[in-house]
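coords below, sequence missing:
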């Protein structure tokens, strides 16, 4: 008998996909924890932040110093915005290119611009900082609510249902139509949002 399902035999099972996602999330969490730990050590004076970096397109005074160590302390601007809970890393890249993100008063349009962590970063004129308290909320969305943070027409939004649930700035991962019901995830974890919403994942 001909096997009509042979083309599916090489596909990964749901369990395998879940395990891969779990491992990626674990890796991302470990990277985030390591980043905050380095920042704590720097504040305590245990580690001196490296001065070797590319700043605003100009090289530092001493280019002879190796940047290998420095790169481990740096973070791309779009990744920083994602950790701040502004939006996903992909959306942050687009936001930066529009010219509304500034670093120490200078507007940056390159998403890969490196930060050391002591700079003042603003998006649309508002100062942003890395989220230390990550929030995850699952909502069973009812009808007649739109999936947006603000509606100029004054219609009810999904965030109206979550008022008072957290002091952190959260946003929905994905969208559901106004008359559609179902589960929505809200978080300020930009890395997780990237993992869940980007087509490559």
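Yep, it's here. Quick caveat, the model's predicted, so the values are computed rather than measured.

Point out where the chain drops to low pLDDT.
Filtered on pLDDT under 70, the chain yields the residue ranges 1-12, 42-73, 131.

need the helices for it, in chain order.
Assignment of helices within the chain using DSSP state H yields the ranges 14-44, 68-71, 77-83, 89-97, 190-197.

Highest mean neighbour count across those, which stretch is it?
With neighbours taken as mean count of other CB atoms under 10 Å, the helices of the chain reach their highest mean count in helix 77-83, at a mean of 25. C-beta: built from backbone N, CA, C; applies to glycine.

Packing partners of that one?
helix 89-97, strand 101-103, strand 114-115, strand 121-123, helix 190-197 (3 or more CB pairs under 8 Å, 6 or more residues apart in numbering; DSSP states H and E).

can you tell me which of these comes nearest to residue 141?
The closest of those to residue 141 is helix 190-197. By CB to CB, the value is 16.2 Å.

Any chance of JSON lines for the helices and strands packed on helix 77-83, columns distance to residue 34?
Below are the helices and strands packed on helix 77-83 laid out as JSON lines (distance: least, CB to CB, whole Å):
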{"stretch": "helix 89-97", "distance to residue 34": "18"}
{"stretch": "strand 101-103", "distance to residue 34": "23"}
{"stretch": "strand 114-115", "distance to residue 34": "16"}
{"stretch": "strand 121-123", "distance to residue 34": "21"}
{"stretch": "helix 190-197", "distance to residue 34": "13"}
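
surely residue 99 meets residue 106?
No. With contact taken as CB atoms under 8 Å, residue 99 and residue 106 are classed as non-touching, separated by 11.1 Å.

Tell me who's in contact with residue 172.
147, 158, 159, 184, 185, 186 (CB atoms under 8 Å, 6 or more residues apart in numbering).

pretty sure residue 101 is in contact with residue 122, am I right?
Yes. Contact criterion CB under 8 Å: residue 101 and residue 122 qualify, at 7.1 Å.

if you count what's nearby, which of these two comes out ahead?
More crowded of residue 101 and residue 122, by other CB atoms under 10 Å: residue 101, with 25 against 15.

Report the separation between the residue nearest to the more buried one when sequence neighbours are not counted and residue 80.
Using CB to CB, 6 or more residues apart in numbering and skipping residues adjacent in sequence, the residue nearest residue 101 is residue 123, 5.1 Å away. From residue 123 across to residue 80, the span is 10 Å (CB to CB, to the nearest Å).

got it, and residue 199?
23 Å.

repeat for residue 114
10 Å.

And residue 90, by the same measure?
14 Å.

burial measure for the residue nearest to residue 101, as a count.
Residue 123: 17 neighbours (other CB under 10 Å).

same question, the one 4 residues further on
A count of nearby residues for residue 127, using other CB under 10 Å, gives 10.

How many residues are close by the nearest residue to it once chain neighbours are set aside?
Leaving aside its chain neighbours, residue 127 sits nearest to residue 120 (6.4 Å; criterion: CB to CB, 6+ apart). Using other CB under 10 Å, residue 120 has 11 neighbouring residues.
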